[in-house]
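[1] fold the following for me, if possible:
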Amino acid sequence: MTISLLLGVHAHQPAGNFPQVVELAHARCYRPFLETMYRYPDFKFAAHFSGWLVQYLFDHHPQDMALLQAMVERGQTELFGGGDLEPVLAAIPTRDRIGQIVALSERLKRLTGRRPRGGWLTERVWDSSVVPSLVDAGIDYVTVDDYHFLCTGKMPNELGGYFTTEEDGRALDLFPISEALRYRIPFAPAEEVMRYIEQLGNEEGAAAAIYFDDIEKFGIWPETHEWVYERGWLQAFIEGVLRSATIRTEHFDTFTRGTPTRGVAYLPTTSYIEMNEWTLPARRADDYAELVQQVRATNRYERDKAFLRGGIWKNFLSRYSEANWMHKRMLQLSARLDALPAAQRSAGMTDLLYRGQANDAYWHGLFGGLYLPHLRRAVFAALVELEAALDAVQPRPNVEALDIDLDGAQEAFVQDGELQAVIRCDGDASVIELDAYRLRHNLADTLRRRDEHYYRKMHLGEQHHAQEAGIASAHDRVSFKHDIEPHDIEPDARPRSLFLERYRIGEQWQIPAYRFGRSEASALFFQSSNEQIDIGKTISVREGRLSVRYDVRAHAHGECETELNLAMPSCDGFLGRYVFEGTIPGGFGQPLSLPAMTALTLEDGVLGGSVSLISTSPISLTALPLHTVSQSEDGFEKIMQAVTLVLRWPVPAGESSLTIALSVRRE
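    Below you'll find the model as predicted:
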């Protein structure tokens, strides 16, 4: 018997990634992969490139992409489509799903002359609601994990072909990707992978061996460049497949045309099995991992894993308030753009919206994702620029209150066209977003420290869990890029926002509980009262300046302090520095203490501007870098998220007032 090898690779880089990272990925992976495949015209394979990346490569490395184009023209490579800026389709509106899919198909048609029939689902997130959008956008089939099918009750030996689903009268074909192949390619020796595929060909009813996974495994993951290219894994695999009397390479396209569907299938909302664990809160993820270990210990894992269901991708939005806020801001702006008359819309606005829908910054698993400030910054840069463009053609009120993130508390938007502060009208009355429109930046874009399931792995120390032969997958590694101290992973008790207060009358520090009072012009009024102290907090945005005024009536002498977590893009790099009274006391990555100050400037070369902090009376300042700990394919790492400024001032018995202001300047 013969078996069709349907092999596909998925290439993606976030639109906000550092250029040097993209160039390294090209040098170590994209270029050598294309060069190797080009030498074997009889080896058919599929490739998916996200829209931003494929355009970048055509613009910056045309000689390499000419190889891809030639392989498409000679019938060796089948291109897959999908969302242009790599959104999770299930997380964006239908109109944007169709728009993104069509945009990538048109891009591929323009660059290569071919329009795709197949579609790649970002992170293989499946929700049946995406079926009509895919079909309406011209996609005939997609790839999902075999795990998706196992969850329906299918047996592994039934998955050697494709199935058909339907939703709202549209039919879509589904290819189940083999988990066994995902874990073998390219980590196991080429001969072992060959034997496994040939063995599948001997099983009754198996027509195809299906693989579609990240191309980054072929050169970017640890040890893979040396293994795949220098030690010849890819060449050995290709030549072995071409010599095999059992295996033939084929396109997904021709396979659907020549082989009938295996019948109808309805898949549950899910993603790949690792993702289902990552979506769970830390404590429940610990419980899930313990359950998996118990099943493994009884040798029932392969039989029962389909019934060990974790969470779904959208859980990330309920787990991480920061991801949820970005997502709901994106939905808010998508609705505003859709409501514009056609004559007022532009292609540039749509492009900004699609950039704001890029998946990478909305979730966190093996890779940094949400924990990487530059990825969140890219999303907010697009959303802030889009909002400014929308305001230019359809102005908003200076003050409006909405509960867009569905948390039960309204968020008040206060803006003057240059600066916008978003204040959550809850007990903290803190600023959760601070947009500088000219700089396309949200200065409140940071991340709180919270407990994570993968912290348990850090207690294992430096380990590499490898196979007897081959190399270890990034999923199986435990390593450290930085020294991690206990305080680095201590969860925050409060959000990391701007103007977050405490006060002390006597020995005990306490937290005020603000009640929303009223709004007028460009100002909001909040009040906190008890038997010790009354605090009035007025937040206003005027002439590009955010001002917070505190009117205090204390029954005894005490202190107040407020905390500002400012997202400065330079982080601990050399382009970020404090300026105080004409001197430079240090950079953002260093601690700073000023016992009495009325003005401090934070200059940021990456931002292309500065933030000035001004107080109407002398106050003390303590500044520290805020770090979080995340995991990546290279190991656990500390990442600076923001600078934390703690401002403290004395409160006399009786009445007093103080105003602290932030102004932003573009260089």
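[2] tally of neighbours for residue 258?
    Neighbourhood size, residue 258 [other C-beta atoms under 10 Å]: 10. Yep, even glycine has a C-beta here, placed from its N, CA and C like the rest.
[3] spit out the contact partners of it.
    Neighbour list for residue 258: empty [criterion: C-beta atoms under 8 Å, 6 or more residues apart in numbering].
[4] and residue 553, what helix or strand is that in?
    Secondary structure from DSSP states H and E places residue 553 in strand 545-554.
[5] whatever helix or strand comes next after that strand packs against which elements?
    Per DSSP H and E, the first helix or strand lying C-terminal to strand 545-554 is strand 558-566. Here strand 558-566 touches strand 498-504, strand 545-554, strand 609-632, strand 635-651, strand 654-666, going by 3 or more C-beta pairs under 8 Å, 6 or more residues apart in numbering; DSSP states H and E.
[6] again, 10 Å this time
    strand 431-436, strand 498-504, strand 509-510, strand 533-542, strand 545-554, strand 609-632, strand 635-651, strand 654-666 (3 or more C-beta pairs under 10 Å, 6 or more residues apart in numbering; DSSP states H and E).
[7] out of those, which gets nearest to residue 210?
    strand 609-632 (28.0 Å; C-beta to C-beta).
[8] just the buried residues of that closest one, please?
    609-615, 619-632 (16 or more other C-beta atoms under 10 Å).
[9] go on, stretch 160-176?
    Those would be 160, 161, 162, 163, 164, 165, 167, 172, 173, 174, 175, 176, for stretch 160-176 by 16+ other C-beta under 10 Å.
[10] which residue, neighbours along the chain excluded, lies closest to the first one?
    If you skip the residues right next to it in sequence, residue 160 has residue 206 as its closest partner in space, 3.4 Å away by C-beta to C-beta, 6 or more residues apart in numbering.
[11] look up how far residue 2 lies from that neighbour.
    10 Å (C-beta to C-beta, to the nearest Å).
[12] number of nearby residues for residue 400?
    So residue 400, with other C-beta under 10 Å, has 13 neighbours.
[13] ditto for residue 98
    Using other C-beta under 10 Å: residue 98 sits among 18 other residues.
[14] pull the helix or strand with minimum mean pLDDT from the chain.
    strand 463-464 (a mean of 43; mean pLDDT, DSSP states H and E).
[15] ok so, going back, can you pick out the most distant pair from the buried residues of stretch 160-176?
    160 and 167 (24.5 Å).
[16] hang on, the earlier thing: between residue 206 and residue 2, tell me which one has more neighbours.
    Taking other C-beta under 10 Å, residue 206 and residue 2 do not tie; residue 206 has more neighbours (19 against 12).
[17] quick revisit: filter the buried residues of stretch 160-176 down to the ones in strands?
    163, 164, 165, 167, 172, 173, 174, 175, 176 (DSSP state E).
[18] pLDDT score for the first one?
    Per-residue confidence at residue 163 stands at 98 (pLDDT).
[19] what's the burial count for the closest residue to it other than its chain neighbours?
    Nearest residue to residue 163, sequence neighbours excluded (C-beta to C-beta, 6+ apart): residue 265, at 3.9 Å. Neighbour count of residue 265, defined by other C-beta under 10 Å: 19.
[20] residues touching residue 265, list them.
    144, 148-149, 152, 154, 162-166, 173-174, 176 (C-beta atoms under 10 Å, 6 or more residues apart in numbering).
[21] of those residues, closest to residue 251?
    Nearest to residue 251 among these: residue 162, at 12.5 Å, using C-beta to C-beta.
[22] residues contacting the closest one?
    Taking C-beta under 10 Å, 6+ apart as the test, what residue 162 contacts is 6, 141-143, 173-176, 207-208, 210, 252, 255-256, 259-263, 265.
[23] now, those that are in strands?
    Filtering these for strands - DSSP E - leaves 6, 141, 142, 143, 173, 174, 175, 176, 208, 210.
[24] what's the distance between the closest residue to the third one other than its chain neighbours and residue 105?
    Excluding the flanking residues, the one nearest residue 142 by C-beta to C-beta, 6+ apart is residue 119, at 4.5 Å. According to C-beta to C-beta, residue 119 stands 9 Å off from residue 105.
[25] between these two, who's got more neighbours?
    Between residue 119 and residue 105, residue 119 has the larger neighbour count (other C-beta under 10 Å), namely 26 against 23.
[26] so what's the more buried one up against?
    48, 80-83, 89, 101, 104-105, 130, 133-135, 137-143, 172.
[27] quick one: pLDDT of residue 11?
    98.
[28] where's it relative to residue 52, distance?
    In terms of C-beta to C-beta, residue 11 sits 11 Å off from residue 52.
[29] could you list the low-pLDDT ranges of the protein?
    459-482, 633 (pLDDT under 70).
[30] picking up where we left off before, of the contacts of residue 119, just the buried ones, PyMOL syntax please.
    Here is the PyMOL command that selects the buried residues among the contacts of residue 119 (16+ other C-beta under 10 Å):
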select buried, resi 48+80+81+82+83+89+101+104+105+130+133+134+135+137+138+139+140+141+142+143+172
